[in-house]
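Colleague: can you look at this prediction? I've put the sequence above it.
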Amino acid sequence: MTERSTDVAGRPEGAAAVVIGGGLAGVTAALRLADAGLRVTLLEGRPRLGGLAFSFRRGELTVDNGQHVFLRCCTAYRGFLDRISASHLATLQDRLDVPVLDVAHRSGRLRPGRLRRSALPVPLHLAASLATYPHLSPAERVGVGRAALALRGLDPADPALDDVDFATWLHRHGQSARTVEALWDLVGVATLNATADQASLGLAAMVFKTGLLSEPGAADIGWASVPLGELHDVRARAALEKAGVRVALRTRVTGIVRDADGVWQVDTESGPGGAERLAAGTVVLAVPQREAHALLPKGALPDPDRLLRIDTAPILNLHVIYDRKVLRQPFFAALGTPVQWVFDRTHSSGLASRSGHGQYLAVSQSAAQDDIDRPVAELRARYLPELERLLPAARGAGVRDFFVTRERTATFAPAPGVGRLRPGARTDAPGLFLAGAWTATGWPATMEGAVRSGHSAADAALSGPGRASRRPEREAV
């Protein structure tokens, strides 16, 4: 182990707080603790920050590993963008407007539709759109209204809702299979990463009540207008450094123990000869649930193995570079086809600045268990014809590139019963806290949930018994 007496600024380096994990949860916790006056070290095993919402280079393009969006109701994530001085690098709709294309209409023709809101109060803000939504029959549209009213009466925090799947509840409230496909799953799969039959009613109720039934503008959609790495890595790292946080990348944590004096000792490795032990009064463990389980000291949770019972769900993204423009809107959703959501990433990737232009589309496939392990050639043969069905301009267009990004453990699975498995920020070990979208935020696995978990962990550390000290602890050797 190496002993470090000072940091690069010449300050005593015994860290008052160590945050393990540089995703959105960890970055948020580190900023919150630093803003409160603590000396913070953030450790991340990867060579970048951002967790599972990141970018990489492919030739001359900057590619997001997957399409991530947020809603106007995602106040914590929007606050995070403000904190890292990046709000101007995201686009947010003035009003919810989602083009929905149906390629399986009985006529055989492509049928367009839209889900959009007005300025009227809830629930009238969606009434006009639902009344003319062409993908449901008049009777089905009326049924949606009745189910929405019943949904407003649910309490997402009621533990009983966690034991029921959303599809069962929908069918009990008169929702046809077509209604589930054309409306509830259209929204739910993208936000929950699960179909209605695989999703907890509690989490589904939270999504729909918050997004569609709270305020008129709650579901307005936002997305990064630059690569995610510019936000979650470059801008986040600059904010952390400005706040005085020491950021250590390519640094793996090998153990966490609490010594006889009640000080946490965090052992790290960062390549040959790079072993280091950090001492801290506060540790925030902001890593995925299985990694957290492996690092948790004995006695930190009464039943640590419950973390292993929080399953995961995959997300698949297909990236298609056409030689011409084939889509004239920022995104759309689709029915009657394997394709779920399609986004135009031409400008954010840098393709628009290249000679010859063309267009870069990202096809985002949530709950992708059936496709996640298919070879690229099979995915190409399966999805390119579907895009041609949806986009007439793609017929005859040249495909310059087709590639795939896979996140096999993209989110926790929001299955019935998951609520009782998700731990809160506090542990039974004084000074040790948990963060991550998989913890008990009340939200599904979203960027919003991750940021909220970081705030919860930091706030727990800063309040109550054993609150984080503002003076640096001693450093062990």
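Modeller: Arrived safely, thanks for sending.
Colleague: where in the stretch 301-450 of the chain is pLDDT low?
Modeller: 353-356 (pLDDT under 70).
Colleague: and Lys372, how many neighbours?
Modeller: Quick fix: residue 372 reads Ile, not Lys. Residues lying near Ile372 (other Cβ atoms under 10 Å) number 18. Where you see a C-beta, it was placed from the backbone N, CA and C, and this is true even at glycine.
Colleague: secondary structure element for it?
Modeller: Under the criterion DSSP states H and E, no helix or strand holds Ile372.
Colleague: was I right to think it contacts Thr405?
Modeller: No: taking contacts as Cβ atoms under 8 Å, Ile372 lies outside contact range of Thr405: 10.8 Å.
Colleague: can you list residues touching both of those two?
Modeller: Residues touching both Ile372 and Thr405 by Cβ atoms under 8 Å, 6 or more residues apart in numbering: Leu316.
Colleague: same question for the strand or helix carrying Ala236, mean pLDDT?
Modeller: Secondary structure from DSSP H and E places Ala236 in helix 236-242. Mean pLDDT, computed over helix 236-242, is 98.
Colleague: name the nearest residue to Leu327, sequence neighbours excluded.
Modeller: Excluding its sequence neighbours, the residue lying closest to Leu327 (Cβ to Cβ, 6 or more residues apart in numbering) is Asp344, at 5.5 Å.
Colleague: tell me the bridge partners for that neighbour.
Modeller: Leu361 (DSSP bridges).
Colleague: what sits against it?
Modeller: 327, 329-331, 359-361.
Colleague: start and end of stretch 48-65, how far apart?
Modeller: Taking Cα to Cα, to the nearest Å, stretch 48-65 runs 13 Å from one end to the other.
Colleague: what's the mean pLDDT across that stretch?
Modeller: According to the model, stretch 48-65 has a mean pLDDT of 96.
Colleague: can you mark which positions in it are buried?
Modeller: Neighbour-count burial for stretch 48-65, counted by 16 or more other Cβ atoms under 10 Å, picks out 48-55, 61-65.
Colleague: same question for stretch 439-447.
Modeller: For stretch 439-447, by 16+ other Cβ under 10 Å, it's 439-441, 443-447.
Colleague: now the closest residue to Gly66 other than its chain neighbours. Its backbone dihedrals?
Modeller: Residue nearest to Gly66 in three dimensions, not counting chain neighbours: Asn317, with 4.5 Å by Cβ to Cβ, 6+ apart. Backbone torsions for Asn317, taken as degrees, to the nearest 10, come to phi -120, psi 130.
Colleague: before we move on, back to that, in helices, which of the buried residues of stretch 439-447 fall?
Modeller: Met447 (DSSP state H).
Colleague: export the buried residues of stretch 439-447 to a markdown table and append columns for distance to Ala90.
Modeller: Formatted as a markdown table, those follow (distance: Cβ to Cβ, whole Å):
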| residue | distance to Ala90 |
| --- | --- |
| Thr439 | 25 |
| Ala440 | 27 |
| Thr441 | 21 |
| Trp443 | 19 |
| Pro444 | 20 |
| Ala445 | 20 |
| Thr446 | 15 |
| Met447 | 11 |
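Colleague: closest one of the buried residues of stretch 439-447 to Val247?
Modeller: Distance to Val247, by Cβ to Cβ, is smallest for Met447 among the buried residues of stretch 439-447, at 19.9 Å.
Colleague: quick one: that closest one and Leu434, what's the gap?
Modeller: 18 Å (Cβ to Cβ, to the nearest Å).
Colleague: got it, and Gly281?
Modeller: Taken as Cβ to Cβ, the span from Gly281 to Leu434 is 17 Å.
Colleague: between those two, tell me which one has more neighbours.
Modeller: A direct count of neighbours by other Cβ under 10 Å for Gly281 and Leu434 places Leu434 higher, at 29 against 25.
Colleague: now do the strands in the stretch 1-150 of the chain.
Modeller: Along the stretch 1-150 of the chain, the segments classed as strands by DSSP state E, counting those that start in this stretch run 17-20, 40-43, 55-58, 61-64, 69-71, 90-92, 97-102, 111-116.
Colleague: same thing with the stretch 301-450 of the chain?
Modeller: Under the criterion DSSP E, counting those that start in this stretch, the stretch 301-450 of the chain contains strands at 312-322, 331-335, 341-344, 359-366, 399-412, 432-434.
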